[in-house]
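> Okay, here's the prediction I keep looking at, along with the sequence it came from:
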Amino acid sequence: VEQFMQFYFKTLLSIERLNEMLLQLFNERFITDELARITPINDDFVAINGYLETTNDHLFEQRPLALLEVFLILQLNPTLQGIRATTIRLIRKSLPLIDDSFRQNKSANQLFIEIFRRAHGLTHELRRMNRYGVLAAYLPCFANIIARMQYDLFHIYTVDEHTLFLIRNLRRFSLEAHRHEFPLCNSVFKLIAKPELLFFAGLLHDIAKGQNGDHSKLGENIARDFCLQHAISKHDTNLIAWLVRTHLLMSTTAQRKDISDPDVIHEFAQKVGSVEYLNHLYLLTVADIRATNPELWNDWKDSLLKELYLATHSALRHGLQNPSALGDRLLENKQEAKDKLLNLGLSNDLINHVWQHTNDDYFLRYSSDEIAWHTMAISSVNEAD
């Protein structure tokens, strides 16, 4: 039954892609009276009546990286309506070019990261990448969750659709136009230094669904491999992997435990460890629940998660009773900040001099980027001032 349902939903995806192409061609042939408006984009692409088209039918064979570039170009040119039908066919035909060599290509890796960093249009482009088969070709682990049903009382979407809805929700948290929906999420999102890390965690949080074993733990391993492939720093890798492994932690704590009990809050705060991790986990949790089923989210769950977030935030700000349990994260954050400062030209003695009056809580409270920025600012000030 599961294989049949997966085949059924993949067929629907193919029909959706075919429908997109047919409607576009029908509009060009029978509805639009005007002559083709051709606008150069770069040496490899032009826009024809608002749709992106290759300038060369052999472009993807000559430059396979263009298979990712096409989606970045759409992000950078929001007036474009999409990809022309002939180019969609070329993309589909060229998918075998996205092989292991392509996936290990650092330029391809940087293009993929850049798509997530741009954020604007991210949801639309990920949906296109999924519809045209590029996402599954570039991330073979994603192919496993395409059209995969989830047999429980909560999920009404296939795993891939749920994942893309989750990323859409995260993106909405960042937009002032949607602040009225989730004001706290909007405020917390502004504190996220690298939103792409949150988007990556969203992309990978259910990546191991359908495999034998705990999908959260298996997903953590996949996330670490993904980060290694894309040369993501140790600190950021640990954050993404931790979010994938614990993406259900906040939801289960809020709904199954007494969050008015200080011991419950302290235990949860110990597991989270820092305000940085809490901010990411809160946003991921709200986006995840909202992407499960439109009917599942309600004011009760909103208030529970908000209460747990605020209580844990307060506990972390005031310091935990057992900071030794967080020693690994503290040392990791401290070392990564120091490595960045050394690369910027500060001496080890100067860094230690600036840090001599800081306590352990400071290195748990702030990210390595923030610590490096603070240290640079302080070190530039003359002591006599």
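Ah, there it is.
> Low-confidence regions, the stretch 151-300 of the chain specifically.
The model of the stretch 151-300 of the chain has pLDDT under 70 over residues 151-155.
> do that again at 90, thanks
For the stretch 151-300 of the chain, the stretches flagged by pLDDT under 90 are 151-158, 209-214, 234-235, 273-274, 292-298.
> which residues in it form helices?
159-173, 183-189, 195-204, 215-229, 234-245, 249-256, 262-272, 275-292, 299-318 (DSSP state H, counting those that start in this stretch).
> Run a quick neighbour tally on the residue lying closest to Leu350 once chain neighbours are set aside.
Leaving out its chain neighbours, the residue that sits closest to Leu350 by CB to CB, 6 or more residues apart in numbering is Ser379, at 5.7 Å. For glycine as for every other residue, the C-beta is placed from the backbone atoms N, C-alpha and C. Ser379 has 15 neighbours, counted by other CB atoms under 10 Å.
> Could you list which residues are in contact with Ser379?
Residues near Ser379 by CB atoms under 8 Å, 6 or more residues apart in numbering: 346, 350-351, 354.
> Same list (these) but as JSON lines, adding pLDDT, distance to Ile15 and secondary structure.
Listed next are those as JSON lines, based on pLDDT from 0 to 100; distance: CB to CB, whole Å; DSSP: H, G, I helix; E, B strand; the rest coil:
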{"residue": "Leu346", "pLDDT": "88", "distance to Ile15": "58", "secondary structure": "coil"}
{"residue": "Leu350", "pLDDT": "90", "distance to Ile15": "63", "secondary structure": "helix"}
{"residue": "Ile351", "pLDDT": "90", "distance to Ile15": "59", "secondary structure": "helix"}
{"residue": "Val354", "pLDDT": "89", "distance to Ile15": "61", "secondary structure": "helix"}
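> With mean neighbour count and distance to Asn49 added, can I get the helices of the stretch 151-300 of the chain in TSV?
TSV is the format used below for those (neighbours: other CB atoms under 10 Å; distance: least, CB to CB, whole Å):
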stretch	mean neighbour count	distance to Asn49
helix 159-173	23	27
helix 183-189	18	36
helix 195-204	24	31
helix 215-229	18	37
helix 234-245	22	40
helix 249-256	17	46
helix 262-272	17	51
helix 275-292	23	34
helix 299-318	16	44
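> Any idea how many residues pack against the residue nearest to Ala147 when sequence neighbours are not counted?
Excluding the flanking residues, the one nearest Ala147 by CB to CB, 6+ apart is Phe9, at 3.4 Å. Residues lying near Phe9 (other CB under 10 Å) number 18.
> which SSE is Phe9 in?
Assigned by DSSP states H and E, Phe9 falls within helix 2-26.
> buried set for that helix?
Neighbour counts over helix 2-26 (16 or more other CB atoms under 10 Å) mark 6, 9, 13, 17, 20-21, 24 as buried.
> okay, these in a markdown table with distance to Gly213 and pLDDT next?
As requested, the buried residues of helix 2-26 are exported to a markdown table (distance: CB to CB, whole Å; pLDDT from 0 to 100):
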| residue | distance to Gly213 | pLDDT |
| --- | --- | --- |
| Gln6 | 19 | 67 |
| Phe9 | 24 | 70 |
| Leu13 | 27 | 75 |
| Arg17 | 33 | 72 |
| Glu20 | 37 | 74 |
| Met21 | 39 | 70 |
| Gln24 | 43 | 71 |
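> rewinding a little: quick one: residues contacting the residue nearest to Ala147.
146-147, 149, 158 are the contacts of Phe9 under CB under 8 Å, 6+ apart.
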